[in-house]
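Engineer: Have a look at this prediction, sequence included:
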Amino acid sequence: MKAPIRQFVLRFATGLCALSAAVAEWAAQCAAGGTGGTERMDRDLIEVTIPQLHHFYETHKYTVSQVVDWYLARIARYNGVYKPFEQVFAADARALAAKEDAEATASHGPLWGIPIVIKANTSIEGKVTTNGWEGFVVPGHELIAPRDATVVARLRAAGAVILGHTNMPDFANSDTTRSSSFGRTGNAYDVRFSPGGSSGGTVTSVTGNMAVLGNGTDTGNSIRMPSATSALIGVFPTRGLVSIAGIAPLDWLLDNTGPIARNVTDAAIALDVMAGEDPLDPVTKGSAAKAQPAPYEQYLKPDALKGKRFGVPAFILAGVGVPFRGTPAVVPDVAAEKQAAEQAIALDPRTRAAFLKAVEELRSLGATVVMDDSVLPASFAHSAARISTYAYGREGTDLFLKDFGPAQYHSSADYERVMGEPLGAPMIGTEPDKAEFQYGDIKIRQRTLETDPDAERNFWGPRRRVLQDYLDTMERLHLDGYVYPASQMPPVDETMPQDGKVTDGPHSATSWVNMLGVPAVVVVGGFYESGLPFGMEFSGRPFRDGDLLGFAYAWEHATHHRHPPALVEKGLLPIGN
């Protein structure tokens, strides 16, 4: 989109937001009985859980319409500062709330009247799937979704009320949240700092009590690291437990989606709804037989950590790099090692200290924590680095556009023909630093996974061997899971350069979880001296998602680390940054 047009759209949108803020706040006050009623709702709804909200509905303390109006007023009040919402669907949300209020209680689902948000790469029928990129919002050529993503359809069927699409970086391809389609999202605990990426819009809206929960997507850390920056529960399900059909891919072999919530109970309820087999996502086939039986709330026990054993991956503490999307077999070891070294992320001393403090808390709850150089050492990271997916990126994009693209384009080739320029490089595998290696004349050309003769040595074989190593280590040391920092550093200040440049962090060393497809969950590990959150991550065995939620619940139940941020109505950064 041309700069003058984009500036006009932003100014127009800002004006509309200001007007809607006044109207929404007035409507919420009227619905709740004036200013006093609003104050009462503030007390009741800040940090409200799904069970508490359902109790309010069942006892007729509040209607769904009143609650939705309260959330919309809060969005209108704070979105101009923190900018977690790229699109707000106020009229749709109010219409659905009124419909739910008119229905008999018995017909309501497990997310009855729960205000939620959806990340902007996840298709909502009739809405623009911006994917954070200006190329999908060009007037007359927007990527308008012809149908709901599978997870959106499941959440709707359960009674959730969608408030809007949350901001994200272009293509979900960043560890912070700055988009060319909308702008920058700030951390709710301090707007100057990054909420991480790429699910930064979802985490800021949820931790800031502008929604009860939301979905995130995760290709290399993008549910878990942002949850860590914002004192939230971020769930990365076993790949195949939840369908990714209808989510614009960054890398369809690594992508995943799961719930982001303020507490483990809400996350478990949401995962129940989101999970299930889907013919549009072949990876989900047979998952029902492999997964622990639902509902996931049954695994939430306060003593779930007692007697459990966790290993700390040595390579994470050592800061050994695993290049995002891996290094293909054609690249010689010397070049692969150079790439890994360049992308290695040291563990910040502040994060190490916060993690070691959390380890002692974990031990005090009856768990054993094994910290040993033999627990997933550097050799594990080097092997994981050879799980290479980059050559198959365009295939995933074309599969997505085939079913969820707009009428004008159903493939990357269609897009280029219609628009006169190609799709973004991360979606079609043409980034120079990924597609070309500075070693001889090695170029990574796009291929089809199912017919590629090199797929076994590039992807399937390394993945199988590294997963076995992960599981063998659990068997050898009698581990119930692994525990480690969800990010290698605290949230970073985006008002000043980091290492001489505008930051693209904070960063994580957890992309290997995506490469293996094992489940992981982030919990609130505590807070840094700065007042910003520290997040700790558990990972476990495939399809033992209930066990992980149990560990997270027991931790939450015992520590009570989370506290909500104090939001401000005037930001320290100008709109549009």
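Structural biologist: Okay, I see it. Quick caveat: nothing in here was measured; it's all calculated off a predicted structure.

Engineer: For residue 121, see how far away the closest residue to residue 443 other than its chain neighbours is.
Structural biologist: Distances taken as Cβ to Cβ, 6 or more residues apart in numbering place residue 436 nearest to residue 443, at 5.4 Å, with adjacent residues excluded. All C-beta spots, glycine's among them, are computed from the backbone N, C-alpha and C. Residue 436 sits 26 Å away from residue 121, going by Cβ to Cβ, to the nearest Å.

Engineer: contacting residues around the residue nearest to residue 443?
Structural biologist: With contact taken as Cβ atoms under 8 Å, 6 or more residues apart in numbering, residue 436 is in contact with 442-444.

Engineer: Could you rerun that using 10 Å?
Structural biologist: By Cβ atoms under 10 Å, 6 or more residues apart in numbering, the residues touching residue 436 are 430, 442-444.

Engineer: Of the residues you listed, which is the nearest to residue 203?
Structural biologist: residue 430 (29.8 Å; Cβ to Cβ).

Engineer: and the gap between the closest one and residue 405?
Structural biologist: According to Cβ to Cβ, residue 430 stands 19 Å off from residue 405.

Engineer: between these two, which one's more packed in?
Structural biologist: residue 405 (23 against 18; other Cβ atoms under 10 Å).

Engineer: The more buried one reaches residue 427, doesn't it?
Structural biologist: No - applying Cβ atoms under 10 Å as the test, residue 405 and residue 427 come out as separate, 11.9 Å apart.

Engineer: what do those two both touch?
Structural biologist: Common neighbours of residue 405 and residue 427 (Cβ under 10 Å, 6+ apart) are 248, 397-398, 412, 415.

Engineer: Output the contacting helices and strands for the helix or strand hosting residue 151.
Structural biologist: In this structure, residue 151 is located in helix 150-157 according to DSSP states H and E. Contact analysis of helix 150-157 by 3 or more Cβ pairs under 10 Å, 6 or more residues apart in numbering; DSSP states H and E lists strand 115-119, strand 161-166, strand 213-217, strand 257-261, helix 264-274 as its packing neighbours.

Engineer: about what we covered before: so which of the contacts of residue 436 wins on neighbours?
Structural biologist: Ranked by neighbours (other Cβ under 10 Å), the contacts of residue 436 are led by residue 444, which has 22 neighbours.

Engineer: so what's it up against?
Structural biologist: 325, 327-328, 330-331, 388, 390-391, 393, 429-431, 434-437, 458.

Engineer: Narrow those to those that are buried.
Structural biologist: 325, 327-328, 330-331, 388, 390-391, 393, 429-431, 434-435, 437, 458 (16 or more other Cβ atoms under 10 Å).

Engineer: Among the residues you listed, which one sits closest to residue 186?
Structural biologist: When these are ranked by distance to residue 186 (Cβ to Cβ), residue 431 comes first, at 27.1 Å.

Engineer: Quick check: closest non-adjacent residue to the closest one.
Structural biologist: Leaving out its chain neighbours, the residue that sits closest to residue 431 by Cβ to Cβ, 6+ apart is residue 425, at 4.5 Å.

Engineer: Okay, the one you found and residue 220: tell me how far apart.
Structural biologist: Residue 425 sits 17 Å away from residue 220, going by Cβ to Cβ.

Engineer: and these two? which has more neighbours close in?
Structural biologist: Neighbour comparison, residue 425 and residue 220: the larger count goes to residue 220, with 27 against 16 (by other Cβ under 10 Å).

Engineer: Now the more buried one. Nearest residue, chain neighbours left out?
Structural biologist: Per Cβ to Cβ, 6+ apart, closest to residue 220 is residue 511, 3.7 Å.

Engineer: pretty sure that neighbour contacts residue 218?
Structural biologist: Yes - taking contacts as Cβ under 10 Å, residue 511 lies within contact range of residue 218: 9.4 Å.

Engineer: any shared contact partners between the two?
Structural biologist: Residues touching both residue 511 and residue 218 (Cβ under 10 Å, 6+ apart) are residue 254.

Engineer: pLDDT weak spots in the chain?
Structural biologist: 1-36, 438-440, 498-499, 572-577 (pLDDT under 70).

Engineer: so where do the strands sit in it?
Structural biologist: All strands of the chain, identified by DSSP state E, fall at 85-88, 115-119, 161-166, 213-217, 233-236, 257-261, 309-311, 368-370, 481-485, 520-527, 533-539.

Engineer: Test my guess that residue 520 contacts residue 258.
Structural biologist: Yes - Residue 520 sits in contact with residue 258 when judged by Cβ under 10 Å, with a separation of 9.3 Å.

Engineer: Near the residue lying closest to residue 290 once chain neighbours are set aside, how many other residues are there?
Structural biologist: Leaving out its chain neighbours, the residue that sits closest to residue 290 by Cβ to Cβ, 6+ apart is residue 543, at 4.4 Å. Neighbours of residue 543 under the rule other Cβ under 10 Å: 21.

Engineer: Tell me, how many residues neighbour residue 453?
Structural biologist: Residues near residue 453, counting by other Cβ under 10 Å: 8.

Engineer: Kindly apply the preceding question to residue 343 instead.
Structural biologist: 16.

Engineer: List the contacts of it.
Structural biologist: 321-324, 327, 385, 507, 509, 511.

Engineer: what do you get for residue 185?
Structural biologist: Residue 185 neighbours (Cβ under 10 Å, 6+ apart): 79, 82-86, 166-169, 176-179, 191, 194-197, 199-205, 226.

Engineer: Repeat the analysis, applying 7 Å as the threshold.
Structural biologist: Going by Cβ atoms under 7 Å, 6 or more residues apart in numbering, residue 185 touches 82-84, 167, 177, 195, 200-201, 204.

Engineer: same question, residue 362
Structural biologist: 305, 369, 483.

Engineer: The residue nearest to residue 290 reaches residue 291, doesn't it?
Structural biologist: Yes - look at residue 543 against residue 291 with Cβ atoms under 7 Å: they come within range, at 4.7 Å.

Engineer: hang on, the earlier thing: ok, the buried ones among the contacts of residue 444 vs residue 239, which is closest?
Structural biologist: Once Cβ to Cβ is applied, the member of the buried ones among the contacts of residue 444 that ends up nearest residue 239 is residue 325, at 15.1 Å.

Engineer: Go ahead and confirm the closest one touches residue 392.
Structural biologist: No - using Cβ under 7 Å, residue 325 is not in contact with residue 392, being 9.7 Å away.

Engineer: Would you quantify the distance from residue 77 to residue 408?
Structural biologist: 37 Å.

Engineer: ok, now residue 170?
Structural biologist: Distance of residue 170 to residue 408, given as Cβ to Cβ: 20 Å.

Engineer: So between the two, which is more surrounded?
Structural biologist: Comparing residue 170 with residue 408 by other Cβ under 10 Å, the one with more neighbours is residue 170, at 22 against 15.

Engineer: returning to what we had before: biggest separation within the contacts of residue 343, which pair?
Structural biologist: Greatest spatial distance among the contacts of residue 343 (Cβ to Cβ): 327 and 507, at 18.2 Å.

Engineer: Quick one: distance of stretch 79-93 to the chain centre.
Structural biologist: Centroid separation for stretch 79-93 versus its chain: 18 Å, with Cα atoms, centre = their mean, to the nearest Å.
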